[in-house]
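Colleague: mind folding the following:
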Amino acid sequence: MIDQTTPSPFGPYKGQGWVVFLSSLTSSSPHAICHFAEHPTTKGRLVGGPGFLSLYRYYESPFGPYDELSYSPGWYEYLNICDGPYPKSAKRITKSFVSCNDAQIARIRYDLGIPAERAQFTWNSFPTGEVAVQVTLPNGVQIIDLIMKRTSFPSFTINSVSLISDWLDVAKLSPIVQPLLDGRQVPVLPNIDPHSPLLTCAPLLKAHTTIRGESGIATFVRAATNRDVFPPIEEAGVSRYGFALMDVEMIVNPPEIVLDVVTPGEYSSGSVWRFFTNWFKGFIFVWKK
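Modeller: Next up is the predicted model:
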């Protein structure tokens, strides 16, 4: 049962963050990381990448200050019947740890479908410009140790919202689509025919996050992961460069209801994704050995 006195996760967030891109998963990727890409409750396949790891320190949010570590293997199929009968794809977070209390975690899981779990975050900054974070379970078991460093490249402004209209938000082009968790149920979409095979499709939550603020280029230095509880990203191929979000404001918007696919493998743009992934690797990836 959700505690209705706990605020929802929707609304403004302010803080800092780091985003690191990960190699696309393939049939030859280590099983230890592919395991964290599986979603047995949904049919939509993982259709491409890159994946990403994100790390945030919020000093303001609907829950107050807290930290977040999230992993996405890449993009999964889904259906949005308002946009036509053909499958689309969107990012999906399959692992997430936060420093919130249990009631706040329950709201994140229920309202956004993000499989958040509780963790503790220990931060250290060094004169070299490196930032280290150790994430552990409440019982002290290690999840991941990460070291990132801001580069000397100039910072730049990011703003997903158009200057013309707040409705024009490019963040809508990069949503997350998550399965419902913890027994949540939603009404059947009103425009589905009562005899449609879409009635057999599981509902999903599609949300986007508006973002604005200052960003820069960061260097991924090192990671040590406990593969029992988190994807061993250091074995999967990590981009040497990522983004350091120095001072950003984000708005987490309420999700809309979309659907899982009827039949997995219907997505027809795999060649596009292969082209994008290969281009992306050639442009930004310097593999850490």
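Colleague: which parts of the stretch 51-200 of the chain are helices?
Modeller: 102-112 (DSSP state H, counting those that start in this stretch).
Colleague: hey, which helix or strand in the chain has the poorest pLDDT?
Modeller: One helix or strand of the chain scores below all others by mean pLDDT, DSSP states H and E: helix 270-284, with a mean of 44.
Colleague: so how far is stretch 117-128 from its chain's centroid?
Modeller: Relative to its chain's centre, stretch 117-128 lies at 20 Å (Cα atoms, centre = their mean, to the nearest Å).
Colleague: typo on my end, it should be stretch 234-245
Modeller: Centre-to-centre, stretch 234-245 and its host chain are 14 Å apart (Cα atoms, centre = their mean).
Colleague: and that stretch, which residues are buried?
Modeller: The neighbour-count check on stretch 234-245 (16 or more other Cβ atoms under 10 Å) flags 234, 236-239, 241-245 as buried. All C-beta atoms are positioned from the backbone trio N, CA, C, and that covers glycine.
Colleague: pull the contacting residues for Thr170.
Modeller: Careful, residue 170 is Val; it's not Thr. Val170 makes contact with 160-162, according to Cβ atoms under 8 Å, 6 or more residues apart in numbering.
Colleague: before we move on, what about Asn80?
Modeller: With contacts defined as Cβ under 8 Å, 6+ apart, the neighbours of Asn80 are 88, 206, 258-259.
Colleague: report the contact partners of Cys82.
Modeller: By Cβ under 8 Å, 6+ apart, the residues touching Cys82 are Asn191.
Colleague: now with 10 Å, please.
Modeller: Contact analysis of Cys82 by Cβ atoms under 10 Å, 6 or more residues apart in numbering lists 189, 191, 256, 258.
Colleague: please check the residues you listed and keep the buried ones.
Modeller: Neighbour-count burial (16+ other Cβ under 10 Å) is assigned, among the contacts of Cys82, to 189, 258.
Colleague: among the contacts of Cys82, which are located in strands?
Modeller: Among the contacts of Cys82, the members falling in strands (DSSP state E) are 256, 258.
Colleague: how about CSV for the contacts of Cys82, with pLDDT added?
Modeller: Below are the contacts of Cys82 laid out as CSV (pLDDT from 0 to 100):
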residue, pLDDT
Leu189, 78
Asn191, 75
Glu256, 93
Val258, 92
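Colleague: between the contacts of Cys82, which is nearest Ile105?
Modeller: Nearest to Ile105 out of these is Glu256 (Cβ to Cβ; 22.8 Å).
Colleague: where does Gly49 land on pLDDT?
Modeller: We have a pLDDT of 76 for Gly49.
Colleague: pull the longest strand from the chain.
Modeller: Per DSSP E, the chain has its longest strand at strand 209-225.
Colleague: which secondary structure elements does that one sit against?
Modeller: Contact here means 3 or more Cβ pairs under 10 Å, 6 or more residues apart in numbering; DSSP states H and E; on that basis strand 209-225 packs against strand 11-22, strand 51-60, strand 130-136, strand 142-150, strand 156-159, helix 233-236, strand 238-252.
Colleague: only alpha carbons, please: show that strand as CSV.
Modeller: Presented in CSV, the C-alpha positions along strand 209-225 are these (Å, rounded to 0.1, in the frame of the first residue of the first chain):
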residue,chain,number,x,y,z
THR,A,209,12.4,14.5,-17.8
THR,A,210,12.9,18.1,-18.8
ILE,A,211,16.4,19.4,-18.2
ARG,A,212,18.3,22.7,-18.2
GLY,A,213,21.5,23.9,-16.8
GLU,A,214,25.3,23.8,-17.2
SER,A,215,27.2,20.7,-18.3
GLY,A,216,30.7,19.7,-19.3
ILE,A,217,32.8,16.7,-20.4
ALA,A,218,33.8,14.2,-17.8
THR,A,219,36.3,11.3,-17.9
PHE,A,220,35.5,7.9,-16.7
VAL,A,221,38.5,6.8,-14.5
ARG,A,222,37.6,3.5,-12.9
ALA,A,223,34.8,1.3,-11.7
ALA,A,224,34.7,-1.8,-9.5
THR,A,225,31.3,-3.5,-9.4
